[in-house]
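Undergrad: Predicted model and sequence follow; I will ask about them next.
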Amino acid sequence: MSQIVYLNGQFLPIAEAKISVLDRGFIFGDGVYEVIPVYSRHPFRLAEHLRRLQASLESIRLPNPYPDTEWTTLITELIEKNATEDQSLYLHITRGVAPRDHAFPANTPVTVFMMSNPLITSTRAQCETGVAAISHADNRWGRCDIKAIALLPNVLLRQMAVDVGAVETVLFRDGFLTEGAASNIFAVKKGVLLAPPKDHHMLAGITYDLILELAEEHKIPVEVRKLTEARVRAADELWITSSTKEILPIIQLDGKPVGKGKPGEAFWQMYNLYQDYKQQVMRHASP
Ligand code: PMP
């Protein structure tokens, strides 16, 4: 089965999917996207992803091309047309094709692109070992809550980690934790789960929300509050969370051990709750 993608109303092999060089996504990075994990062919938290997509579109003043029912139909069809049971769905909408000019073009249809790739989550072995991260000043723009396709700062920040054999770059803005280059970051101190509050400086992760929901449901103490760099460095545990990485423990930050330098108790509790939640969703086939 070849990789089938969706482009502007058509399903077709990826090699046949073509867009104009004048697409504003290509020229300006003028668009938004979503990544939705699919487990056993069930899209995970689809309603939440579509809600965030709507919010991103509204923030950049782009009309949503489809109602949620239509998105659901198209997504279901794309999942069926691709081979693997677990997939990573990528949705991408740009302000369309127009002569190059910063101002919005009039009467220009948006470009809608979707693709599916095999889902590669963190492995159990990675969770058992834990991963290294580095830190850096958050030098991105002031609207990191929008899931914008213009990701150059995130690309550069993530590459800094890769260059030194780490998996993520933890970002601090004005002395406070914002998030990772491609993930949200949680801390744990004395059994309390600490999370930075949502604002314009971080993306409201679907995984972030789920972790807070699971913590509440299972009576894990939580504090959502701004976290200073010092608090993060003194944490017993640090976790990376995202739709594709799920939850991953950071055991080393900038070469220094986090807590005891191994995945902590709170991590394993949340890891198990997350895996159980996934199983439940798949059994009941409701995203
Ligand atoms: N922040 C950033 C900058 C991200 O790119 C991502 C997703 N890759 C996240 C947070 C996590 O969001 P989600 O849990 O919805 O994948």
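TA: Sure, I can see it.
Undergrad: Now the residue nearest to residue 81 when sequence neighbours are not counted. Its backbone dihedrals?
TA: Closest residue to residue 81 apart from its sequence neighbours, by Cβ to Cβ, 6 or more residues apart in numbering: residue 4 at 4.1 Å. Yep, even glycine has a C-beta here, placed from its N, CA and C like the rest. Per-residue torsions, residue 4: phi -100, psi 130 (degrees, to the nearest 10).
Undergrad: For residue 4, name its beta-bridge partners.
TA: residue 13 (DSSP bridges).
Undergrad: my guess is it contacts residue 80, does it?
TA: No. Applying Cβ atoms under 8 Å as the test, residue 4 and residue 80 come out as separate, 9.3 Å apart.
Undergrad: higher neighbour count, those two?
TA: residue 4 (20 against 11; other Cβ atoms under 10 Å).
Undergrad: contacting residues around the more buried one?
TA: 11, 12, 13, 14, 78, 81, 82, 116 (Cβ atoms under 8 Å, 6 or more residues apart in numbering).
Undergrad: which among those residues gets closest to the ligand?
TA: residue 116 (16.0 Å; Cβ to the nearest ligand atom).
Undergrad: How many residues are close by residue 175?
TA: Neighbours around residue 175, by other Cβ under 10 Å: 11.
Undergrad: That one and the ligand, how far apart?
TA: 19 Å (Cβ to the nearest ligand atom, to the nearest Å).
Undergrad: List the contacts of that residue.
TA: 228, 229.
Undergrad: Phi and psi next, for it.
TA: phi 90, psi 0.
Undergrad: now do the one 5 residues further on
TA: When read as degrees, to the nearest 10, the backbone of residue 180 gives phi -100, psi 170.
Undergrad: How about the one 5 residues further on?
TA: Per-residue torsions, residue 185: phi -120, psi 130 (degrees, to the nearest 10).
Undergrad: Same question for residue 83.
TA: phi -80, psi -40.
Undergrad: Check what pLDDT it gets.
TA: In this model, residue 83 is scored at 93, pLDDT.
Undergrad: Next one: it from residue 43, what distance?
TA: 16 Å (Cβ to Cβ, to the nearest Å).
Undergrad: out of the two, which sits in the busier spot?
TA: residue 43 (22 against 11).
Undergrad: quick one on the thing from earlier: quick one: which of the contacts of residue 4 is the most crowded by neighbours?
TA: Greatest neighbour count in the contacts of residue 4, by other Cβ under 10 Å, goes to residue 116: 24 neighbours.
Undergrad: List the beta-bridge partners for that one.
TA: residue 89.
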